[in-house]
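S.K.: Quick check, what structure comes out for this input:
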Amino acid sequence: MLSRKNDLSVGLPLPESWTNQVQELLSSIYRSNLELHNRFFDICARIFENEIVLIVGVFHVLNTDLSPTTLFLSLDVQNEQKADQKMLNLLVDATGIFLDQFFEASEWDEYSERWTEFEHQKNKLFYKINRENVALTLKAKELLDGDSWCNKS
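M.R.: All right, here's what the predicted structure looks like:
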């Protein structure tokens, strides 16, 4: 589903306090761009047995029905390894690379449904960028399976 490696697993949510912190951080860094383009961020993060996934949706403020631009970032986690602050910081920093390019472009059209590998700070990460409204996907999954992918109401 939203994971690169675990299509059937729902994983575990990272603490809502962390996702809120990321949202506040990104919103403060990109405040002028968000205001200029009438956008806001929606953040979701999950940890699986062997990966962490961070999802950042960029939505239009005035019309949330418009398809957002959504970045998915995946970082491999070794067996028994726990997500630590260094890994989380790496994901947030890598998000900035995408957001810088996104807000510099007059018309963003670099969408890719395929997971693409890239290196950042000597770490291997994977990303995909699409128009998926993850909030709707998660709500549908919650209704069908009774599972809340992100701890949001």
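
S.K.: and residue 61, what pLDDT?
M.R.: As predicted, residue 61 sits at a pLDDT of 93.

S.K.: now it: how far from residue 36?
M.R.: According to Cβ to Cβ, to the nearest Å, residue 61 and residue 36 sit 11 Å apart. No exception for glycine: its C-beta is placed from N, CA and C like everyone else's.

S.K.: Show me the helices in the chain, by range?
M.R.: 16-29, 31-37, 85-104, 134-145 (DSSP state H).

S.K.: Let's have those in TSV, adding distance to residue 45, mean neighbour count and mean pLDDT.
M.R.: Formatted as TSV, these follow (distance: least, Cβ to Cβ, whole Å; neighbours: other Cβ atoms under 10 Å; pLDDT from 0 to 100):
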stretch	distance to residue 45	mean neighbour count	mean pLDDT
helix 16-29	5	15	94
helix 31-37	20	13	96
helix 85-104	8	16	93
helix 134-145	11	14	80
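
S.K.: between those helices, which one is nearest to residue 4?
M.R.: Across the helices of the chain, residue 4 has its closest neighbour in helix 85-104 (13.0 Å, Cβ to Cβ).

S.K.: what is the orientation angle of that closest one with helix 16-29?
M.R.: Inter-element angle recorded for helix 85-104 and helix 16-29: 40 degrees (by axes from the mean of the first three to the mean of the last three Cα atoms, to 10 degrees).

S.K.: Could I get the CA-only coordinates of helix 85-104 as CSV?
M.R.: In CSV, the C-alpha atoms belonging to helix 85-104 read as follows (Å, rounded to 0.1, in the frame of the first residue of the first chain):
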residue,chain,number,x,y,z
GLN,A,85,16.4,10.6,16.0
LYS,A,86,19.3,10.4,13.5
MET,A,87,17.1,8.4,11.1
LEU,A,88,14.2,10.7,11.6
ASN,A,89,16.3,13.7,11.0
LEU,A,90,17.7,12.2,7.8
LEU,A,91,14.2,11.7,6.5
VAL,A,92,13.2,15.3,7.3
ASP,A,93,16.4,16.7,5.8
ALA,A,94,15.8,14.6,2.6
THR,A,95,12.2,16.0,2.5
GLY,A,96,13.8,19.5,2.3
ILE,A,97,15.6,18.6,-1.0
PHE,A,98,12.2,17.8,-2.6
LEU,A,99,10.4,20.8,-1.1
ASP,A,100,13.1,23.2,-2.3
GLN,A,101,12.7,21.9,-5.8
PHE,A,102,8.9,21.8,-5.6
PHE,A,103,8.6,25.4,-4.6
GLU,A,104,11.2,26.6,-7.1
